[in-house]
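Asks: Got a predicted model here, sequence first, then my questions.
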Amino acid sequence: MAGRPPKPTGAKILAGTFRPCRANPDEPEPEILLDIPSPPRKLKLEARREWDRVIEFVIKNRIVGSEGLSPLATYCNLHAAIVAEEKKGNLLTASLLAQYRALADSFGLTGSGRAKLHPGKEKTKQDNPWQGLARNS
């Protein structure tokens with residue numbers, strides 16, 4: 001039985017658990033997106049609405065880079081499938097909901113997913129709460 005897959009360095013930084021001594025020095029770094037990308041052509045109407053709703057959040061918070069756009073599109077397609085099933089009055093399968101929730105969590109689109117992320121903030125010397133306190137002799 002295999003253990004958990006290793007967490008990427010970016011995820012460790014976002015979660016606040018990064019330790020340089022345990023980092024892979026050869027790990028490839030994803031391309032950071034500075035502009036909002038256009039939605040993939042494969043997205044239908046409802047999936048495109050979800051893309052438009054979440055893309056700015058995930059780019060602004062550096063949750064997704066260029067390598068994560070395809071999984072984000074998959075999340076949007078799952079959202080569209082759920083909306084379509086609900087409109088038909090069908091019960092949603094546990095498998096569909098589990099996939100949807102896992103992707104939503106990984107992109108920080110749920111409360112618990114956001115709680116795991118600490119995006120886009122680099123520590124500076126001014127972030128030290130002890131800085132500026134004078135030592136009393």
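Replies: Received it, and whenever you're ready, just let me know what you need. Numbers count the residues shown, from 1 in each chain.
Asks: hey, let's count contacts and neighbours off CA atoms from now on
Replies: Will do.
Asks: got any ranges where the protein has weak pLDDT?
Replies: By pLDDT under 70, the weakly predicted segments of the chain are 1-2, 118-137.
Asks: if you set the cut-off to 80 instead, what comes out?
Replies: Applying pLDDT under 80 to the chain picks out residues 1-15, 24-32, 111-137.
Asks: Which residue lies nearest the spatial centre of it?
Replies: Phe107 (2.6 Å; CA atoms, centre = their mean).
Asks: Apart from its neighbours in sequence, what residue is nearest that one?
Replies: Leaving aside its sequence neighbours, Phe107 sits nearest to Ile63 (CA to CA, 6 or more residues apart in numbering; 6.3 Å).
Asks: tally of neighbours for Ala81?
Replies: 17 (other CA atoms under 10 Å).
Asks: Then the one 3 residues further on?
Replies: Counted by other CA under 10 Å, the residues lying close to Ala84 total 13.
Asks: again with Leu34
Replies: Number of residues near Leu34 (other CA under 10 Å) recorded here: 10.
Asks: same check, this time on Ile32
Replies: If you count neighbours by other CA under 10 Å, Ile32 ends up with 13.
Asks: Let's verify it: helix, strand, or coil?
Replies: coil (DSSP: H, G, I helix; E, B strand; the rest coil).
Asks: Would you map the strands across the chain?
Replies: In the chain, no strands are found when defined by DSSP state E.
Asks: pull the longest helix from the protein.
Replies: helix 69-88 (DSSP state H).
Asks: just checking, what packs against that one?
Replies: Applying 3 or more CA pairs under 8 Å, 6 or more residues apart in numbering; DSSP states H and E, we find helix 69-88 packed against helix 45-60, helix 94-106.
Asks: in the last one, what counts as buried?
Replies: Neighbour counts over helix 94-106 (16 or more other CA atoms under 10 Å) mark Tyr100, Arg101, Leu103, Ala104, Asp105, Ser106 as buried.
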